[in-house]
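*Asks:* here is a sequence together with a model predicted from it:
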Amino acid sequence: MEREWIILGVLAAGFLGTIVALMLIMFLFPITRWIVLGLALITIASILYSFGETEVRLGLGIGLGTIAIATMLFPLLVWYVLAPSNRFFTFVKEGTVKIVVRGDKFEKALMQWSGYALDKEWNIVPENEWVKDGKVVSEGTPGARKYKEPWHPFGGLRFYGLYPLMDIYIYTFTWTGVAEDGEIDPHPKEPLSYILAEDDVYWFELVRAEDINLLPLRIEVLLTIRVLNPFKALFRIQNWLETIINRTRPLVRDAMTTDSYENLIKQQERLGVAIMKKLTKLTTGRKGTLEAEFEDRYGVEVRKIDVKEIDPPPEYREITLKKYIAERQREEIVTLAGAEAERMETVYRQIQEFGDTGRLVRTLEAAEKSPFAASLTVQAIPGLQEILRGVFGRPPEAVTREEYRELREMIEGLAARIPAQK
């Protein structure tokens, strides 16, 4: 009997240790919690089976075994079938919000974003900050309170209600973003079951925006936007992004008329700041600015505006390119002309030093006709070798017939100037 109690004590200690270890595993790995619970039930069933009567052991074994198997299979069903298809359960990714509807009527919002919570009006607010009407205020402000997102033991996995009475709201959305390499990343109409809570960058273009000289321009604009209230963004406006873009276009167009294209591209970075100032100062028919209307009515905050590109018409670019090419060609011609003038001056000085121009011309004519005659003539005439070295920068035997001819023609052209220079 004493031996049986010792064995029972050892089994109990092992069982308790196993439970503690399993609880630790469950805390660290949420997906295994239900599976671990099933294993624990199997362990309990095994212990009871070992120390009970035959009928009792059989009943406990079958009952707990069935519960254990169901417990182990249920999380797999939830994780791989129900949640991905938004049936009873759903996954809420970090930095996003999902809307739960009851018969297409807004019911509640589910958010997963560390450090933020949803207030009673579904505004996204910082946790543990005093807020009122979705805005951070100082402590002691009348009506202000703190909000904290409830603890979600399974992370982004949420049970939202009984399907199909309750369902996840799905809507179509069209936007153009910017990839990591800076390239435009268009997204045609896509069904979405979530709305971003984090900042994101959206692209749009404005065509035929004229500068101060009425030159039509094509403008690419980047808007950094954050959703402040997912309920307002999805249910208080037909398409929140399209509305924001359409209300921002006139501000961009107006900013382009303040200067010429040449000056606008030089201050491209400052243009976004100027447009943002217009957004924060422009008053609307309602009380407040356009920025305040975006936030209070649409639940969206425009955090930054950047002008990505300013492009003139293709024909303007062609004219500008031709002008640039012409400038480069003019510079090249001036450079070549200067080099040629320097070369001519070198030849001119050498001719003056030789003295007898006519004799030099005849000598070069003979050198043109025969390389052998050229070699003898150059060696026979004092000073001719120095002239050739000075003009061509290499010894006489390396000079070709064509170069002799070119030098002769040059000397004949300059011959008339020699007497005037003496």
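*Replies:* On my side now, so go ahead.

*Asks:* His187 reaches Val178, doesn't it?
*Replies:* No - counting by Cβ atoms under 8 Å, His187 stays clear of Val178, with 11.4 Å between them. C-beta coordinates here come from the backbone N, C-alpha and C atoms, glycine included.

*Asks:* so which of those two has more stuff around it?
*Replies:* Neighbour count, other Cβ atoms under 10 Å: between His187 and Val178, Val178 has more, with 16 against 11.

*Asks:* okay, the more buried one: pLDDT?
*Replies:* We have a pLDDT of 88 for Val178.

*Asks:* so which strand or helix has Leu76?
*Replies:* helix 54-77 (DSSP states H and E).

*Asks:* can I see the domain layout of this structure?
*Replies:* 2-82, 89-167, 174-312, 329-421 (automatic domain parsing).

*Asks:* buried residues of stretch 120-135, list them for me.
*Replies:* Residues Trp122, Asn123, Ile124, Val125, Glu129, Trp130, Val131, Lys132, Gly134 are the ones in stretch 120-135 that count as buried (16 or more other Cβ atoms under 10 Å).

*Asks:* from Asp133, how far off is the residue lying closest to Thr172 once chain neighbours are set aside?
*Replies:* Leaving out its chain neighbours, the residue that sits closest to Thr172 by Cβ to Cβ, 6 or more residues apart in numbering is Lys189, at 4.9 Å. Distance from Lys189 to Asp133, counting by Cβ to Cβ, to the nearest Å: 34 Å.

*Asks:* with Leu222 instead?
*Replies:* 29 Å.

*Asks:* one more: Lys146?
*Replies:* 14 Å.

*Asks:* which residues touch the closest residue in space to Asp259 that isn't next to it in sequence?
*Replies:* Nearest residue to Asp259, sequence neighbours excluded (Cβ to Cβ, 6+ apart): Ile212, at 5.6 Å. Contacts for Ile212 (Cβ atoms under 8 Å, 6 or more residues apart in numbering) come out as Thr257, Thr258, Asp259, Ser260.

*Asks:* and Tyr80, that's in a helix?
*Replies:* Yes - according to DSSP: H, G, I helix; E, B strand; the rest coil, the state of Tyr80 is that of a helix.

*Asks:* how many residues are close by it?
*Replies:* There are 10 residues near Tyr80, going by other Cβ under 10 Å.

*Asks:* going forward, the N-terminal residue is numbered 33.
*Replies:* Yes, from this point I'll number from 33; that puts the last item at Tyr112.

*Asks:* do you know the pLDDT at it?
*Replies:* On pLDDT, Tyr112 comes in at 89.

*Asks:* then Thr204?
*Replies:* So, for Thr204, pLDDT stands at 94.

*Asks:* phi, psi of it?
*Replies:* When read as degrees, to the nearest 10, the backbone of Thr204 gives phi -100, psi 140.

*Asks:* cool, and Ile269?
*Replies:* The phi/psi pair for Ile269 (degrees, to the nearest 10) reads phi -150, psi 150.

*Asks:* ok, it - contacts?
*Replies:* Neighbouring residues of Ile269 by Cβ under 8 Å, 6+ apart: Thr275, Arg329, Tyr330.

*Asks:* most neighbours, which of those?
*Replies:* Scoring the contacts of Ile269 on neighbours with other Cβ under 10 Å, the highest-scoring entry is Tyr330 at 20 neighbours.

*Asks:* which strand or helix spans the closest residue in space to Asp232 that isn't next to it in sequence?
*Replies:* Nearest non-adjacent residue to Asp232, counting by Cβ to Cβ, 6+ apart: Ile257, 6.3 Å away. Counting by DSSP H and E, the element that carries Ile257 is strand 248-259.

*Asks:* and the next helix or strand after that strand, what's its mean pLDDT?
*Replies:* Of the helices and strands lying after strand 248-259 in sequence (DSSP H and E), the nearest is helix 262-267. Per-residue pLDDT over helix 262-267 has a mean of 96.

*Asks:* again, but for stretch 286-296
*Replies:* Stretch 286-296 comes out at a mean pLDDT of 90.

*Asks:* buried sites along it?
*Replies:* Ala287, Met288, Asp291, Tyr293, Leu296.

*Asks:* do the same with stretch 122-132
*Replies:* Using 16+ other Cβ under 10 Å as the burial criterion, the residues of stretch 122-132 that qualify are Thr122, Phe123, Val124, Gly127, Thr128, Val129, Lys130, Ile131, Val132.

*Asks:* could you do stretch 184-200 as well?
*Replies:* By 16+ other Cβ under 10 Å, the buried positions in stretch 184-200 come out as Phe186, Gly188, Leu189, Arg190, Tyr192, Gly193, Asp199, Ile200.

*Asks:* backbone torsions only: list them for Asn278.
*Replies:* phi -60, psi -30.

*Asks:* check Thr122 too.
*Replies:* phi -150, psi 160.

*Asks:* pretty sure it is touching Tyr201, no?
*Replies:* No - using Cβ under 8 Å, Thr122 makes no contact with Tyr201, being 10.8 Å away.
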